[in-house]
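Enquirer: Give me coordinates for this.
(2 chains)
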Amino acid sequence: MNLEWRLAWRNVWRNPRRTGLTVSATVFAVGLLVLMSALSTGMWEKIIDDSVSMGSGHVTLTGPNYLEERTLEEFTYLDAPLAARLEENPAVAGFAPRVNAFGLLSEADVTRGVMVIGVDPAAERTVSSLPDRIESGRFLEKGKTREIVLGGRLAEILGVKIGDQVLLYSVAYSLESAYDLFSVAGIMRLPNPSLDRGLALVSLADAQAFFVYGDRISEVAIRASEASASTALAEQLGSSLDPEKIEAHAWPEVMPDLAQTVVIDKLGMYMMLAILVIVVAFGIFNTILMAVLERKREFGVVLALGLRPRAIFRIVYFESILLAGVGLMLGLLVAIPGVLYLQANPIPLTNSEEMAAAFAMVGSDPVIYAKLIPENPIFSGLTILLVALLAAFYPAVRASRGKPVDVLRSL
Amino acid sequence: MLSVIRLAWRNVGRNPRRTGIVVTAVAVGLSGTLLSMSILSGMMFQIVDNAIKTDLGHLQIHAQGFNKDPEIGLLLENNGAPEIQAIQAEAGIQNWAPRIRGEGLVTSPSASVGVRVIGVDPEAEAQVSMVADSIVEGGYFDQKKRVVLGEGLARRLGAELGDKIVLSAQDLSGDMTGTALRVGGIFRTPSAELDRSTVFLELASAANLFAMGDGISEIVIVGRSRDAILGTQERLSAALPSREIQRWDELQPLLASILSVMDQMAAGLYLIIFVAMSFGIANVLLMAIYERIREIGILLAVGLSRTRLVAMVICESLFVTLLGLVAGFLLALLILYTLSGGIDMSLWAESLASFGMGTRIFPVLTLEDFTIPTTVALLTALLASAWPALRAVRLRPAEAVRHD
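Expert: Just a heads-up that it's a prediction; the model follows:
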């Protein structure tokens, strides 16, 4: 046994060119797998982050049934003990109470249906990117009343500028008609066209007064310290809350469309990865096979000298394992720092303005992100190891077969 | 030169196992590449196709400025008679349907929700959109004075079949108007957004609600294919200079953006897969040629010129690669043929039923998908054989013959 490993190890170094080619096949395979999964992880983290920061956060606390109905009827409260608990929780990076409702916004004879969100100006900054999207004017401020911030397209359609008055009309919680004048404090430029055309923000206090909502709210949007821990955070919060009054939802429940897009894309990615694994597996297999068949003569000689076929099989198999092991290590050594570098220095797609505009539309920046999570090099490494173990089997069988005489004559 | 090619061809047959290995390397590489490209294209194709079938159509005709600001006052007068005339002169148009499109507020006893209000001609609409075929409860305008709404919206309103809802909106003259209608049908399409926020009613009821008279908002057109519609768009634009004739991607820039972002991502993936394929090919070719340095030395020693020798090696590699490409293409076609019923994704995710893509992915292979990987494979073969061949012929014959 020991002798066979030693022979295998010596064989590895006996022909550096052949070894180089075989090892490089494995290095390449590992590198490509790690790179591809890191790019996919990075892309989706970015898209999810962009979406939650313009939506309802990583975790959303709502009244029962709010997600299904989304009307003023389903409300909850953010009382002091709950606020204190969220404040103390290290997994919570920020939280903001909101009132979400629908209203008609008019200026002169133009009327548009809009989504009205009542936000706490200070708290909103800890959760969402909306305050950073102000293009002219300013965001809502604490202490100022009857102010409104509009999406850019909406302001254009209504034909209003900073300081103008708009009339908001809706049906209040009390089912009475509600209308009031608000003055435009700021105009946002939102990448998502339907938000840009249909979103209006007022202060939480104004919204509660307008909709006769008391201190009720529609939701508490929570930003998690770690995006990947959203579901765990929702479960943790949910277990400590009274389910009759308040529910905790992670973003996949709140934005099922996005979650499903991610699922579909991940399935697509797994298919691509599977195909890639097959392609690189054949790369490794072919290389090992060719390297072994090239040495037919050598095996003929050792067979003639009396080495048993079994021993040859083992030596060749061990050789392949050693080669794959070396390739695997080298591959990870190259790929991990490479991906970490990409993670620290995202690649900007500056080649076309059209592309920049396209990314802006889906609410993202034209940048390729990579994100390395431990699962991905581990998975890639194990896959390639398994592939190599399988790929080496047949060549080793071939090497050990055949009669010495035929083999020696066959060149 | 001809003799070199003949020699190369013979060499291909002389060592079947070497040829076999290179052919499998190329075939697996190419078919893997083609397969992944066709799955990605299939996913993108399906997203667009669903958008076209649920709401967009291929083309829409509007009054100037409607797409920028869909205002109810921007209408096609006279029930769109001149537009319809132009449409009927077009052979490439399969179906078309008039619509009224506005915004309003739906109120049920328990909630009120802002919605898109779309007035449709039920028979014509059934030819251009899948909504009529997506009814899960009730019918599609089989009774008068009914509305058809999405499952998501019905749930938000707490409304069931036969319930009364009130639809209020601002009419053409700017007055608030309203009408009470019963829920006649509930639909479920792959587009969650449509299901959540759209109310369909009959064209006449919509015209009444918005006080449109004989005006309509848009005509939606479905042609033979997405590509064929480009010419139709040009001709209609020329015939109707005062109208906006827009394609699906101009109407839904977000969708077009998603597609181009996906395209960009796909390009990255293709790059990775190409690299994997090229590497597999290059590796076996390199090894196959290094293994033959002795043979090359002998040929040099018996007096074959270096140029001819290099040409022979390259020709050989190209022959073998071509064989591999043919095999790979056939293999890909075979796999695609077995997948022609679509790849069922519902096994992995039940929730996909409600998603804009459906639960099956149908791979799509275009000619372009084929030419690029083929070119990449041939170039790789050229480089991976020229380099070792050039190195080998530079050795002195005596050294080459002794080479291990």
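Enquirer: The residue in the stretch 151-300 of chain A that chain B sits nearest to: neighbour count?
Expert: Relative to chain B, the nearest point of the stretch 151-300 of chain A is A:G283 (3.4 Å; Cβ to the nearest Cβ). (C-beta placed from N, C-alpha, C; glycine too.) A count of neighbours around A:G283, defined by other Cβ atoms under 10 Å in any protein chain shown, yields 30.
Enquirer: what packs against the helix or strand hosting it?
Expert: Element membership for A:G283 (DSSP states H and E) is helix A:256-293. In terms of contacts (3 or more Cβ pairs under 8 Å, 6 or more residues apart in numbering or on different chains; DSSP states H and E), helix A:256-293 is packed against helix A:16-54, helix A:251-254, helix A:309-344, helix A:375-400, helix B:16-51, helix B:192-197, helix B:253-290.
Enquirer: could I get these as TSV with mean pLDDT?
Expert: Shown next, in TSV, are the helices and strands packed on helix A:256-293 (pLDDT from 0 to 100):
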stretch	mean pLDDT
helix A:16-54	82
helix A:251-254	84
helix A:309-344	88
helix A:375-400	86
helix B:16-51	82
helix B:192-197	81
helix B:253-290	77
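Enquirer: can you pull the contacts of residue 40?
Expert: Defaulting to chain A. A:265-266, A:269 (Cβ atoms under 8 Å, 6 or more residues apart in numbering or on different chains).
Enquirer: was after chain B, sorry
Expert: A:268, A:272, B:262, B:266, B:269.
Enquirer: Then B:E368?
Expert: B:E368 touches nothing, counting by Cβ under 8 Å, 6+ apart.
Enquirer: One more: A:N376?
Expert: Contacts of A:N376 (Cβ under 8 Å, 6+ apart): A:34, A:37-38, A:41.
Enquirer: Repeat that for A:A155.
Expert: A:161, A:184, A:187.
Enquirer: interface residues of the stretch 101-250 of chain A facing chain B?
Expert: A:102-104, A:109-115, A:156-157, A:171, A:192-194 (Cβ under 8 Å from any Cβ of the partner chain).
Enquirer: Can you say which of those residues are buried?
Expert: For those, a burial check counting by 16 or more other Cβ atoms under 10 Å in any protein chain shown picks out A:102-104, A:110-115, A:157, A:171, A:192.
Enquirer: which non-adjacent residue is nearest residue 26?
Expert: As the question left the chain open, I've gone with chain A. Distance criterion Cβ to Cβ, 6 or more residues apart in numbering or on different chains; nearest residue to A:T26, sequence neighbours excluded, is A:G327 at 2.6 Å.
Enquirer: not quite, I wanted chain B
Expert: B:G324 (2.5 Å).
Enquirer: Whichever strand or helix holds that neighbour packs against which elements?
Expert: Element membership of B:G324 [criterion: DSSP H and E] is helix B:306-338. If you count contacts as 3+ Cβ pairs under 8 Å, 6+ apart, helix B:306-338 packs onto helix B:2-14, helix B:16-51, helix B:253-290, helix B:293-301, helix B:367-394.
Enquirer: Centre of the chain to that helix, how far?
Expert: 30 Å (Cα atoms, centre = their mean, to the nearest Å).
Enquirer: Quick check: bridge partners of A:V119?
Expert: Applying DSSP bridges to A:V119 yields these beta-bridge partners: A:R98, A:S203.
Enquirer: longest single strand anywhere in chain B?
Expert: In chain B, with assignment by DSSP state E, the single longest strand is strand B:93-107.
Enquirer: Just checking: what are the partner strands of it?
Expert: strand B:112-120 (antiparallel), strand B:164-170 (antiparallel), strand B:218-223 (antiparallel).
Enquirer: ok, residue 339 - contacts?
Expert: Picking chain A for this. By Cβ under 8 Å, 6+ apart, the neighbours of A:V339 are A:34-35, A:38, A:370, A:372.
Enquirer: looking at chain B here, not the other one
Expert: Each residue near B:L339 by Cβ under 8 Å, 6+ apart is listed here: B:P363.
Enquirer: try it again with 10 Å
Expert: For B:L339, the contact set (Cβ atoms under 10 Å, 6 or more residues apart in numbering or on different chains) comprises B:35, B:38-39, B:42, B:360-363.
Enquirer: Out of those, name the two that are farthest from one another.
Expert: The span of the contacts of B:L339, defined through Cβ to Cβ, is set by B:L35 and B:R360 at 16.2 Å.
Enquirer: Pick out whichever of the two has more residues nearby.
Expert: B:L35 (24 against 15).
Enquirer: pLDDT score for residue 249?
Expert: Picking chain A for this. Among the per-residue scores, A:H249 shows a pLDDT of 89.
Enquirer: To clarify, I was referring to chain B.
Expert: B:D249 is given a pLDDT of 82.
Enquirer: can you check B:L149 too?
Expert: Reported pLDDT for B:L149: 91.
Enquirer: That one belongs to a strand?
Expert: Yes: checked against DSSP: H, G, I helix; E, B strand; the rest coil, B:L149 lies within a strand.
Enquirer: what sits against it?
Expert: Listed by Cβ under 10 Å, 6+ apart, the contact partners of B:L149 are B:106, B:113, B:115, B:138, B:156-157, B:159, B:165, B:181, B:183-187, B:195-201.
Enquirer: quick one on the thing from earlier: any chance of the contacts of B:L40 in CSV, plus neighbour count and distance to A:I312?
Expert: Listed next are the contacts of B:L40 as CSV, based on neighbours: other Cβ atoms under 10 Å in any protein chain shown; distance: Cβ to Cβ, whole Å:
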residue, neighbour count, distance to A:I312
A:G268, 22, 44
A:M272, 24, 38
B:M262, 18, 51
B:A266, 19, 46
B:L269, 21, 41
